[in-house]
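Novice: would you be able to build a 3D model of this:
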Amino acid sequence: MKSNFSLLTTALSPSIIGNEDGNGVYGFVKDLIVEGKDARFVNKKGRYVINWSRALDCYTEYKAKKNPQFKSKKLCRRKVSNSLRAALLNFYKKEGAKEYKESKKVNEKDEVIERQFQMPPRVLDSLFPEEVQLTDDSEQDEQETSSVASEVC
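Specialist: Predicted coordinates:
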């Protein structure tokens, strides 16, 4: 049974739904990182963690901004999630984009609530021309993900 993904009632600030600087879907990822609540870097090489539920809200608004008919579609969470994940990875995979699947977190409903990705170097340099600033808890995250990755190998 498909459930409707009613994200469209969420009020988002215009700056969070993506900018028009040619960086596409990464524009609103940058906005979320700069805002500092729903995304942050976990290392200085462009690995970031993102609140996936919030990212889906923003992606829905971003797509509706580019295509007003998108807003009228009734989309399930899974389709929006797959579309955003593909947008972050497929076009940029050859440039170094990747997902750290071992860092994915799910809630009690088995919905993904947090993911980690590697931002492609070209996009990172374009969006963040200055050195990436880390929060204090980013260093802890990097240590935890490094130990998880070494256990998997």
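Novice: mind listing the strands for the protein?
Specialist: Ranges of strands in the chain, per DSSP state E, are 39-41, 47-51, 98-99, 105-106, 112-118.
Novice: name the nearest residue to Lys44, ignoring sequence neighbours.
Specialist: Distances taken as Cβ to Cβ, 6 or more residues apart in numbering place Val132 nearest to Lys44, at 4.8 Å, with adjacent residues excluded. Glycine gets a C-beta too; all of them are placed from N, C-alpha and C.
Novice: which residues does that neighbour contact?
Specialist: 41, 43-46, 124 (Cβ atoms under 8 Å, 6 or more residues apart in numbering).
Novice: what's the pLDDT at it?
Specialist: With respect to pLDDT, Val132 has a value of 79.
Novice: do Thr135 as well
Specialist: pLDDT for Thr135: 69.
Novice: now Gly24
Specialist: 79.
Novice: could you do the one 3 residues further on as well?
Specialist: Gly27 is assigned 88 on the pLDDT scale.
Novice: also Lys2?
Specialist: pLDDT, read off for Lys2, is 41.
Novice: nearest to Ala87, out of the strands of the chain?
Specialist: Relative to Ala87, the nearest member of the strands of the chain by Cβ to Cβ is strand 112-118, separated by 11.2 Å.
Novice: hmm, who's touching that closest one?
Specialist: Residues from elsewhere that reach strand 112-118, judged by Cβ under 8 Å, 6+ apart: 42, 45-53, 55, 81, 85, 88-89, 96-100, 103-107, 145.
Novice: what's the farthest-apart pair in the contacts of Val132?
Specialist: Asn43 and Leu124 (11.0 Å).
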